[in-house]
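*Asks:* With the input below, show me the fold.
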Amino acid sequence: MPNLSIKDVPEAWAETLRQRAASHHRSLQGELMAIIETAVFAPSSADAPDRFAAKSSIVGNGRLGHSVMRQGWKTIEQVADELNAKYPEPVLGQPLGVDIIREDRDAR
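*Replies:* Got it, this is the predicted structure:
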């Protein structure tokens, strides 16, 4: 595989990249590869007729070394708000998730 080298990177940029790598639980090399992979494979706005296609990002590597992509455009808070608006009251007469898990655990 070819090697790439970037010279004269400002220290502030390097530190920001190190922090970004740490927040993604990757090495600096892994973070740089993820950034480059996103740049190489992300469709440009002219190539992406779907307005959500460019919203995916690489968030890590899977068990076999393949990239794990995060796709979508909603935050966890947005999803939770939508579900709370759609289902404001709990469903009655159904077991709670904690009870299902406890029953399964105790059956072992």
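*Asks:* going forward, measure contacts between C-alpha atoms and count neighbours the same way
*Replies:* Fine.
*Asks:* how about low-confidence regions in this structure?
*Replies:* For the chain, residues meeting the criterion pLDDT under 70 lie at 43-56, 70-72.
*Asks:* now the strands for it?
*Replies:* Ranges of strands in the chain, per DSSP state E, are 57-61, 67-70.
*Asks:* Report the contact partners of residue 23.
*Replies:* By Cα atoms under 8 Å, 6 or more residues apart in numbering, no residues touch residue 23.
*Asks:* Near the nearest residue to residue 62 once chain neighbours are set aside, how many residues? Count them for me, please.
*Replies:* Using Cα to Cα, 6 or more residues apart in numbering and skipping the chain neighbours, the partner closest in space to residue 62 is residue 68 (5.8 Å). Using other Cα atoms under 10 Å, residue 68 has 14 neighbouring residues.
*Asks:* who's sitting farthest from the centroid in the chain?
*Replies:* Largest separation from the mean C-alpha position in the chain: residue 93, at 35.7 Å (Cα atoms, centre = their mean).
*Asks:* So that residue versus residue 102, what's the distance?
*Replies:* For residue 93, the distance to residue 102 equals 18 Å [Cα to Cα, to the nearest Å].
*Asks:* And for residue 22?
*Replies:* 36 Å.
*Asks:* Residue 57 reaches residue 40, doesn't it?
*Replies:* No: checked against Cα atoms under 8 Å, the pair residue 57 and residue 40 is beyond contact range at 11.8 Å.
*Asks:* So between those two, which is more surrounded?
*Replies:* Between residue 57 and residue 40, residue 57 has the larger neighbour count (other Cα under 10 Å), namely 18 against 10.
*Asks:* beta partners of that one?
*Replies:* residue 70 (DSSP bridges).
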